[in-house]
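[1] Here's my sequence, what's the structure:
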Amino acid sequence: MTQPAPTTGPAVLEEAAGDGAPRKQEQGGSGGESTGTVIVAGAANLAIAVAKLVGGLISHSSAMLSEAAHSMADTVTEVLLFIALKRGERAPDARHPFGYGRETYVWAFMASLCTFAVGAGFSIYQGVSTILGGEEQGDPLISYLVLAVSFVLEGASFLKAVRQVRRSAREHETSSRRFLQATTDTTVKAVTFEDAAALVGLVLAALGLFLEQVTGDPLWDGISAVLIGVLLIVVAAVLARANVSLLIGQSVPGAIEQQLKDELVAMAHVDDVPFLLTSVIGPGQLLVAAKVDFADTATVADVEQAADEAERRLVARHPGVRYVFLDPTPGDGRARVRAPEAGEE
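    Numbers count the residues shown, from 1 in each chain. All right, here's what the predicted structure looks like:
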């Protein structure tokens with residue numbers, strides 16, 4: 001078995017979004033850029049939450065109050081994502097030899113639960129209460145102003161996240177949509193999804209407020225609040241599902257595993273790689289374990305040299321690979337263990 005020194009780099013998983021060809025990339029992950037994206041989003045959401053709360057109290061709009069809860073939930077989410085980034089960057093130690101990368105997904109999962117519980121729960125409750133009991137109509141002017149300013153601020157945060165996604169997608173020669181599906185950086189994924197949901201929520205709030213003003217019926221405002229809650233449930237579910245999969249220990253797509261396997265098979269003294277496992281252990285961090293059938297003529301020195309070469313080759317061509325473990329095994333890929341017969345020790 002071989003274990004290389006930890007390296008940093010883009011997630012190998014993200015290569016699956018492109019043409020599948022492994023490519024040498026600059027060392028250094030996108031942690032700093034992701035941190036900046038989270039901070040900008042968090043600051044914008046906090047300011048927006050206060051403005052929406054004031055507007056909702058003045059206009060007595062359920063949709064505006066729902067949007068205030070939405071922005072407050074997003075603010076707490078950004079705080080949790082910031083913690084996720086910092087906690088996940090800690091170096092490996094004796095108790096956690098593979099590092100703390102997966103802790104990122106713990107905090108990101110908690111962030112998705114916050115979106116569901118605080119944002120969606122309050123929005124649906126507020127909307128149903130308005131539909132059933134009605135509400136007093138106030139001056140909608142302040143709400144329109146708040147919605148307009150909020151749209152500008154949320155749009156700026158969203159554009160920053162989109163620029164980061166597009167830049168990374170270009171590096172991997174793929175589309176932004178496929179990159180978001182494949183990336184293991186759940187922080188930028190969360191910010192992008194939540195900012196997009198925020199913009200849609202603002203449109204829904206404005207529409208509900210306008211229809212209530214035109215018809216005089218608060219039903220529209222209540223429906224708008226419920227729709228905002230449903231929107232948040234969808235976003236929370238998508239993010240929670242992605243984080244749970246990564247937290248458990250997600251493998252890379254089959255095409256990438258085949259590339260890694262081909263790299264090993266192409267080495268000298270290797271006849272076959274009958275079994276290969278991969279596991280994402282953090283954003284941009286991958287563990288590779290394989291059973292390798294070495295040639296019968298290979299010496300111990302040849303096996304050691306091949307193990308070192310496997311480490312260098314996989315890390316060089318796939319910078320996201322951080323650990324490589326090779327297990328010499330028979331050609332069928334199964335360990336043969338024979339119970340000792342009588343008289344044998």
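[2] Give me the buried positions along the longest strand anywhere in the chain.
    Counting residues, the longest strand in the chain under DSSP state E turns out to be strand 270-282. Taking 16 or more other CB atoms under 10 Å as the neighbour-count basis, strand 270-282 is seen to contain the buried residues 270, 272, 273, 274, 275, 276, 278, 279, 280, 281, 282. The C-beta positions use only the backbone N, C-alpha and C, and glycine is treated the same way.
[3] Save those as JSON lines, and put in pLDDT and distance to residue 177 too.
    As requested, the buried residues of strand 270-282 are exported to JSON lines (pLDDT from 0 to 100; distance: CB to CB, whole Å):
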{"residue": "270", "pLDDT": "89", "distance to residue 177": "37"}
{"residue": "272", "pLDDT": "90", "distance to residue 177": "37"}
{"residue": "273", "pLDDT": "90", "distance to residue 177": "32"}
{"residue": "274", "pLDDT": "90", "distance to residue 177": "35"}
{"residue": "275", "pLDDT": "87", "distance to residue 177": "33"}
{"residue": "276", "pLDDT": "92", "distance to residue 177": "28"}
{"residue": "278", "pLDDT": "91", "distance to residue 177": "23"}
{"residue": "279", "pLDDT": "90", "distance to residue 177": "25"}
{"residue": "280", "pLDDT": "90", "distance to residue 177": "20"}
{"residue": "281", "pLDDT": "89", "distance to residue 177": "26"}
{"residue": "282", "pLDDT": "86", "distance to residue 177": "24"}
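[4] Would you check which pair of the residues you listed lies furthest apart?
    Based on CB to CB, the longest span within those runs between 272 and 282 and measures 30.2 Å.
[5] Does anything pack onto the longest strand of the chain? Which helices or strands?
    Packing partners of strand 270-282 (3 or more CB pairs under 8 Å, 6 or more residues apart in numbering; DSSP states H and E): helix 254-265, strand 285-294.
[6] Most tightly packed of these?
    Between the helices and strands packed on strand 270-282, strand 285-294 has the highest mean count of neighbours, a mean of 22, where neighbours are mean count of other CB atoms under 10 Å.
[7] Name every strand pairing with that one and say which way it goes.
    In the sheet containing strand 285-294, its partner strands are strand 270-282 (antiparallel), strand 321-328 (parallel), by DSSP bridges.
[8] what about the ones you listed, which gets the closest to residue 100?
    Put simply, out of the strands paired with strand 285-294 the one that sits nearest residue 100 is strand 270-282, at 7.3 Å, with distance taken as CB to CB.
[9] got a list of contacts for the closest one?
    Residues external to strand 270-282 that are found in contact with it (CB atoms under 8 Å, 6 or more residues apart in numbering): 11-13, 88, 98-102, 104, 184, 246, 249-252, 256-257, 260-261, 264-265, 286-295, 306, 322-323, 329, 331-333.
[10] Please, where are all the helices along the stretch 1-150 of the chain?
    Chain-ordered helices for the stretch 1-150 of the chain, with DSSP state H, counting those that start in this stretch as the definition, fall at 31-59, 62-88, 103-114, 121-133, 141-171.
[11] Which one of those lies nearest to residue 234?
    Between residue 234 and the helices of the stretch 1-150 of the chain, the shortest gap by CB to CB is with helix 103-114, which sits at 11.3 Å.
[12] Let's test this: mean pLDDT of the closest one, rounded?
    Averaging pLDDT along helix 103-114 gives 86.
[13] Return the member of the buried residues of strand 270-282 nearest to residue 50.
    Sorting the buried residues of strand 270-282 by distance to residue 50 puts residue 282 at the head of the list, at 34.7 Å, by CB to CB.
[14] for the chain, which spans come out with low pLDDT?
    Screening the chain residue by residue with the criterion pLDDT under 70, one finds the ranges 1-34, 37, 135, 138, 331-345.
[15] before we move on, the earlier item: dump the strands paired with strand 285-294 into TSV; add distance to residue 311 as well.
    Compiled in TSV, the strands paired with strand 285-294 are given as follows (distance: least, CB to CB, whole Å):
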stretch	distance to residue 311
strand 270-282	14
strand 321-328	5
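[16] Relative to residue 239, which of those is closest?
    Set against residue 239 and scored by CB to CB, those come closest in strand 270-282, at 16.2 Å.
[17] Just the CA atoms of the closest one, as PDB, please.
    As requested, C-alpha coordinates have been extracted for strand 270-282 and formatted as PDB (Å, rounded to 0.1, in the frame of the first residue of the first chain):
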ATOM      1  CA  VAL A 270       0.900  -4.500 -13.700                       C
ATOM      2  CA  ASP A 271      -1.300  -7.100 -15.400                       C
ATOM      3  CA  ASP A 272      -4.700  -5.900 -14.300                       C
ATOM      4  CA  VAL A 273      -6.600  -3.900 -11.700                       C
ATOM      5  CA  PRO A 274      -9.600  -6.100 -11.000                       C
ATOM      6  CA  PHE A 275     -11.100  -3.900  -8.200                       C
ATOM      7  CA  LEU A 276     -10.900  -0.100  -7.600                       C
ATOM      8  CA  LEU A 277     -12.700   2.100  -5.100                       C
ATOM      9  CA  THR A 278     -12.900   5.900  -4.800                       C
ATOM     10  CA  SER A 279     -14.300   8.000  -2.000                       C
ATOM     11  CA  VAL A 280     -14.700  11.800  -1.800                       C
ATOM     12  CA  ILE A 281     -13.200  12.800   1.600                       C
ATOM     13  CA  GLY A 282     -13.700  16.500   1.300                       C
END
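[18] So residue 100 versus residue 261, what's the distance?
    Computed with CB to CB, to the nearest Å, the distance linking residue 100 and residue 261 is 29 Å.
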